[in-house]
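J.: quick one, what's the 3D model for this:
(chains A and B)
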Protein chains: 2
Amino acid sequence: MSPLDMLADAVGPRNVLHEAQDLSPYAVDWRGAYRGQPVAVARPGSTAEVAEVVRRCGAMGLAIVPAGGRTGLAGGAVPAANGPPAVVLSLERLNRIRHVDARDFSLVAEAGCVVQTVQAAAAEAGRLFPIQWGAQGTAQIGGMLSTNAGGIRTLRWGNARELVLGLEVVLPDGRVLDDLRRVRKDNSGYALRHLFIGGEGTLGVITAAALRMVPALKRVESAFVAVPSPDAALSLFSRVMGSGAELIGFELCARFCMQMAAKHGVGLRMPLPLEAPWYVMVEIAAAHESVPLRDMLEEALGAALESGEASDAVIAESEAQRAMIWKIREDYPDCSRRDSPAVGTDTSVPVSAVPDFVNAAERALKARWPEGRMAAIGHAGDGNIHLSLHAPEGWAGDRAAWVAHAGEMEPLVNAIAVSLGGSFSAEHGIGQSKRHAMATHKNQVALDLMRTVKAAFDPDGRMNPGKVLP
Amino acid sequence: MSPLDMLADAVGPRNVLHEAQDLSPYAVDWRGAYRGQPVAVARPGSTAEVAEVVRRCGAMGLAIVPAGGRTGLAGGAVPAANGPPAVVLSLERLNRIRHVDARDFSLVAEAGCVVQTVQAAAAEAGRLFPIQWGAQGTAQIGGMLSTNAGGIRTLRWGNARELVLGLEVVLPDGRVLDDLRRVRKDNSGYALRHLFIGGEGTLGVITAAALRMVPALKRVESAFVAVPSPDAALSLFSRVMGSGAELIGFELCARFCMQMAAKHGVGLRMPLPLEAPWYVMVEIAAAHESVPLRDMLEEALGAALESGEASDAVIAESEAQRAMIWKIREDYPDCSRRDSPAVGTDTSVPVSAVPDFVNAAERALKARWPEGRMAAIGHAGDGNIHLSLHAPEGWAGDRAAWVAHAGEMEPLVNAIAVSLGGSFSAEHGIGQSKRHAMATHKNQVALDLMRTVKAAFDPDGRMNPGKVLP
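T.: Here you go, the predicted model:
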């Protein structure tokens, strides 16, 4: 039997894609940086069909590349260019929300559910599914979990990992690990689920998850704050957290980033004139109506202004103003791309090391690429700053030329983060794009244990080959 | 070289115990249910010494049983009675708090730090280390993590697992996995740490951990509430959670439990006459001074009384009254032991299944042991109810006789919990006491994967043999 016949037998002929034009969306990653040609795309409609595809591909020696909304930034969901023949296993048809239980703040969603759909289902039940990031309208639950997605709310509710109560996983040999329980406490042996969460499909295929919901937010207050330095931003962070206000967002943005947003953004209005070197977006929230949130924020910002931690601040006076602050943040990546070629990173350091990190990176980049322009923006409350080095204004070359010129900024910045006790891969995952960094920076004992786990779970290397492990 | 000489060489002669009277505390578990004779007790003073002991014991074919405060309830920290020759590796001398960082809400503590000491260090920094349970004055950080301890605050801040930022682990071959970073976001490969947390020392020895702190609580309000049924308690839970009040404790207690506490407790005063079949202890908190907590609780309880979810309620009017509510809860296990022989369980179900669970268990126990008296108490907000079956008043036999008579209640109650999507081991872990339940109730695919992990990490079976896996 040919691979296509085999797949058609497993999931029905209509759910096997093999024509070039049908395959093409699955053959390139979100950023257009990675290309790989699948043998076919299989779109199973049930967990049993996923298991069947995995089992039969194994028998035919075909690799499996699980794919969801394919919004990942590390090339994890496309076949590796020089990898073995691979079938893309798209979870898009496993898109049922199986269960919503408002009373115990849980829901069960299949891997192919779009994240926004799950958010909406939670909202309909009067609850909040608190993960939030730009791609949520396209990204799917399976990908969110396989990459342990972060976003702007991890400060308060953690990464995707922290929202999982139970998982259903198809293993590399086609068996189903049915651990889709909605229990909050279970100390019965090893916490296997945490291997699949963030495993980027290299140990199995997540087919469904039981997820936590949290009380809906009743009040939110946001501010846009000018600060003199990353150190001042850290003090402000500690002040607001320490005050006991429920901080749900704390983004640090260099002036250069805000300038790019102001220049290229469509319909963006800056809440303050861009006269300060750094800005912070602060958001606090309350799930109970009677929490005096506005007073809390005014008090914290008043004290910050008085102490010099902040030089100016504006609190959003309306939902429209609040939305504008976050639109600036969400539109920033696009504006930055439109501005000029850049090389980027995804590092994290302990929160208290953010100032040292930014300052050290700025010095190192200035010394080596004096013509480059450093952009720093990120989830400072998590210690996760995305540093980029942009080509100078009027750079004559294209993006590839700038990458050839300044591509070494990534290992350089990674090394600084690691030297400060941080990570070279904070929230986007490894995929294909950071395998070299894994080889360079990852603790060798950890890497060895990971190889041990991979060999034990997937001895034939069939699951998403060429990803994660160097 | 003899084992004793080898250990003396590794950790110094003063830190090797081998006389019978020195060994005896390490040879029996907290409940006196498990006994096992160690060859010796080694008390290393550094991570390097732990690694040395592990390596040298491996070379001599000796097993390692890691031990902390030894307050576990599952017999995990004493050698198995029929196990191979084993050295108890006590972490008690690794008791430094290496680092406290108030600005980024983190600390680094060695495995031998007593939990209460870590709580105190956090408080001194103006922060909260939120795990809390009865044994915290004796239990150590390493044991807390190896058993993924729960307690009365998991409802709000999760189990021990959720408080970990990084770990340092000595592996079965003596290598050190140094992943003691204080980063909040790190997606660089498999989440290895989660295997060691809750791994009960069977995959390696946790020697230190980077831990999260949270904002200190500025206000707390507690209530003792009479409710007509577990279902009413669930509605009350959902009402308080749904209101957005920050619920940090929600304990459900059958009247029989409160009667035992009233009868045997020293200095306990019941906040309400024991006229209702069920009681709930509710605690809400706020990290910010200005949250109108009292109003929030009064409003929720007022509505609960009006709707019939509650029949009576008293809010603590002073810190002394608040302390009394929690003293009743904390002293309960002792009171229960003093009352009469009992067989107990440690199950969890989805929160919304608690009423079905309690009702089904009550029916099943009454049918089989009509003379027995069911005690139900637990962390209902986590779905973790501890059910016990007590001997009738005036039971002539001893504890062993009752266990012989009613011991089968444990598998029976476990089966009910599992049939409702729950766990037979919610927070105490498996150790020796629940290995038979692992064999009976654990998902066979999960069990098989666990064996795969164990074989990959500890191929010679040297780490805490006879524990966790059946």
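J.: ranges for the helices of the stretch 201-350 of chain A?
T.: Secondary structure of the stretch 201-350 of chain A by DSSP state H, counting those that start in this stretch: the helices cover A:230-243, A:255-264, A:293-307, A:319-339.
J.: the stretch 1-150 of chain A now?
T.: A:3-11, A:20-23, A:47-60, A:115-124, A:141-146.
J.: what's the closest of those to chain B?
T.: helix A:141-146 (10.4 Å; CB to the nearest CB). C-betas here are computed from N, CA, C, even on glycine.
J.: can that closest one be found next to chain B?
T.: No: Helix A:141-146 is not in contact with chain B by CB under 8 Å from any CB of the partner chain; minimum separation 10.4 Å.
J.: next, format the helices of the stretch 1-150 of chain A as a markdown table and append mean neighbour count and mean pLDDT.
T.: Compiled in a markdown table, these are given as follows (neighbours: other CB atoms under 10 Å in any protein chain shown; pLDDT from 0 to 100):
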| stretch | mean neighbour count | mean pLDDT |
| --- | --- | --- |
| helix A:3-11 | 19 | 97 |
| helix A:20-23 | 11 | 96 |
| helix A:47-60 | 20 | 98 |
| helix A:115-124 | 18 | 98 |
| helix A:141-146 | 30 | 98 |
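J.: what's the closest of these to A:Gly201?
T.: helix A:141-146 (5.2 Å; CB to CB).
J.: and that closest one, C-alpha only, in PDB?
T.: Output in PDB follows, covering the C-alpha atoms of helix A:141-146 (Å, rounded to 0.1, in the frame of the first residue of the first chain):
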ATOM      1  CA  ILE A 141      -4.700  24.400  22.000                       C
ATOM      2  CA  GLY A 142      -2.400  21.500  20.900                       C
ATOM      3  CA  GLY A 143       0.300  23.900  19.700                       C
ATOM      4  CA  MET A 144      -0.200  26.200  22.700                       C
ATOM      5  CA  LEU A 145       0.600  23.200  24.900                       C
ATOM      6  CA  SER A 146       3.300  21.600  22.800                       C
END
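J.: quick one: list the elements packing against it.
T.: strand A:63-67, strand A:106-110, helix A:115-124, strand A:205-212 (3 or more CB pairs under 8 Å, 6 or more residues apart in numbering or on different chains; DSSP states H and E).
J.: list the contacts of that helix.
T.: A:66-72, A:76-77, A:91, A:94, A:109-115, A:118, A:131, A:149, A:160-161, A:164, A:167, A:196-201, A:205-207, A:209, A:211 (CB atoms under 8 Å, 6 or more residues apart in numbering or on different chains).
J.: ok now that helix, how far from the chain's centre?
T.: Here helix A:141-146 is found 10 Å from its chain centre; the criterion is CA atoms, centre = their mean, to the nearest Å.
J.: ok, stretch A:73-81 next?
T.: Counting by CA atoms, centre = their mean, stretch A:73-81 comes out at 15 Å from the chain centroid.
J.: what residues of that stretch count as buried?
T.: Under the neighbour-count criterion of 16 or more other CB atoms under 10 Å in any protein chain shown, stretch A:73-81 has A:73-80 buried.
J.: can you redo the residues you listed as TSV with pLDDT and distance to A:Pro13?
T.: Listed next are the buried residues of stretch A:73-81 as TSV, based on pLDDT from 0 to 100; distance: CB to CB, whole Å:
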residue	pLDDT	distance to A:Pro13
A:Leu73	93	34
A:Ala74	95	33
A:Gly75	96	30
A:Gly76	97	28
A:Ala77	97	24
A:Val78	97	24
A:Pro79	97	22
A:Ala80	97	27
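J.: nearest to chain B among the residues you listed?
T.: Closest to chain B, out of all of the buried residues of stretch A:73-81 and judged by CB to the nearest CB, is A:Ala74, at 8.9 Å.
J.: what residues are up against the nearest residue to the closest one once chain neighbours are set aside?
T.: Counting by CB to CB, 6 or more residues apart in numbering or on different chains, A:Ala74 lies nearest to A:Gly431, which is 2.8 Å off, once chain neighbours are set aside. Contact analysis of A:Gly431 by CB under 8 Å, 6+ apart lists A:34, A:72-77, A:200, A:467-468.
J.: just the closest of the buried residues of stretch A:73-81 to A:Phe424, please.
T.: Out of the buried residues of stretch A:73-81, the member with the shortest distance to A:Phe424 (by CB to CB) is A:Ala74, at 11.9 Å.
J.: that closest one contacts A:Glu427, correct?
T.: No: if you go by CB atoms under 8 Å, A:Ala74 and A:Glu427 don't touch, sitting 10.1 Å apart.
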